[in-house]
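In: Below are the sequence and a predicted model for it; my questions follow.
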Amino acid sequence: MSDIRPIVPIDISGLKPSVPLTALPKCELMDPSALFVDGSYQRAIGERGQRQIRRMIQRFCWTRFKPPICAYGQHEGKAVLMVLDGQHTAIAAASNPNVERIPVMIVDAPETSAQAAAFVGQNTDRLAVTPLQLHQAAVVAQDEDAVTVEQVCSRAGVTVLKGPAAHGRYRVRETIAVTTVSGLVDRQTAMGARRILEVLANADLAPITGHHIRAAEYLMTNKDYCQKFDPQDLTTAISDLFLTAEDDAKVMSHAHRWPFWKALAVVWFRKTKKRRLHLRVAA
């Protein structure tokens, strides 16, 4: 028996189908070496990517080929094709001496912001693209939430990197925990998130991790802790415990079965100078 079946529409009751805002894509044959990538929202190729490209070169086959998605952009005053999705494929094809031209799908996205938005749309549901990469593209695309996260970090003195630091060597005030920062902004508003991030930035952590952010948020918003210290004193405690806090938190987390960030918060709090309580004396 044959298992061949036609493509049939699904029931779209309750859905509002989107109307395409641009023209149909065009398929063209292109020299892959003539394509470009915009580094303002596209990730650089790391060692893992290099290994993937080498495998693609060795196994190159048209039956596995997925045409890169491209759009026209400007480079040095000339119109060029920018790769929105399929950078690895294009590099593999350009590196294979047996491939002269490849089919590419050209979409209508002439502005950098539109290209970045298209990149986000192409990669939102793909595991290979990290939240950090999607955030950077969303910033270029002027996505309101992504721009807010970037502004909050900038005003707090925190630098959001485009990717993990080479060899794990981070500078003070740097972070890649963009998902945690985004959640922080959602929960505490932009101003509240800025106050929390400033405490961590002023402690010169390198990098500022998601655990650091969750721990600081817990202390600065939980009613059992937040009224008992000044933010600058929490900064001092974090800085003083830089070499030992995380090891102590691991032990406490295991002993009490707490999340690591909560144990870290308790370690910091114990070291933090407490406010003096002024008691009224009855006459």
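Out: Sure thing, it's come through. Numbers count the residues shown, from 1 in each chain.

In: Could you identify the helix or strand that succeeds the one helix or strand Met82 maps to?
Out: Assigned by DSSP states H and E, Met82 falls within strand 78-85. Once the chain leaves strand 78-85, the next helix or strand it forms, by DSSP H and E, is helix 87-95.

In: which helices and strands does the next helix or strand after that following helix pack with?
Out: Note on helix 87-95: by DSSP H and E, the next helix or strand toward the C-terminus is strand 102-106. Secondary-structure packing of strand 102-106 (3 or more C-beta pairs under 8 Å, 6 or more residues apart in numbering; DSSP states H and E): strand 26-30, strand 69-75, helix 87-95. All C-beta atoms are positioned from the backbone trio N, CA, C, and that covers glycine.

In: Out of the ones you listed, which is the most enclosed?
Out: When the helices and strands packed on strand 102-106 are scored by mean count of other C-beta atoms under 10 Å, the highest mean neighbour count falls to helix 87-95 (a mean of 21).

In: Tell me how far stretch 60-67 lies from the chain's centre.
Out: A distance of 29 Å separates the centroid of the chain from that of stretch 60-67, by C-alpha atoms, centre = their mean, to the nearest Å.

In: oh sorry, the question was meant for stretch 24-35
Out: 29 Å.

In: List the contacts of Ala90.
Out: 32, 35, 68, 83, 102 (C-beta atoms under 8 Å, 6 or more residues apart in numbering).

In: Name the member of those with the most neighbours.
Out: Pro68 (25 neighbours; other C-beta atoms under 10 Å).

In: rewinding a little: of the contacts of Ala90, which is the nearest to Ala94?
Out: Closest approach to Ala94 among the contacts of Ala90 (C-beta to C-beta): Pro32, at 4.0 Å.

In: wait, what's in contact with the closest one?
Out: Pro32 touches 90-91, 93-94, 99, 101-102, counting by C-beta under 8 Å, 6+ apart.

In: What of Asp108?
Out: Contacts of Asp108 by C-beta under 8 Å, 6+ apart are 22-23, 71.

In: Next, format the residues you listed as JSON lines and append pLDDT and distance to Ala190.
Out: Below are the contacts of Asp108 laid out as JSON lines (pLDDT from 0 to 100; distance: C-beta to C-beta, whole Å):
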{"residue": "Thr22", "pLDDT": "80", "distance to Ala190": "33"}
{"residue": "Ala23", "pLDDT": "82", "distance to Ala190": "38"}
{"residue": "Ala71", "pLDDT": "88", "distance to Ala190": "32"}
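
In: Columns distance to Ala237 on top of those, output as CSV?
Out: As requested, these are arranged in CSV below (distance: C-beta to C-beta, whole Å):
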residue, distance to Ala237
Thr22, 54
Ala23, 59
Ala71, 50
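
In: Number of residues surrounding Thr221?
Out: 15.

In: Which residue lies nearest the spatial centre of the chain?
Out: Leu132 (1.2 Å; C-alpha atoms, centre = their mean).
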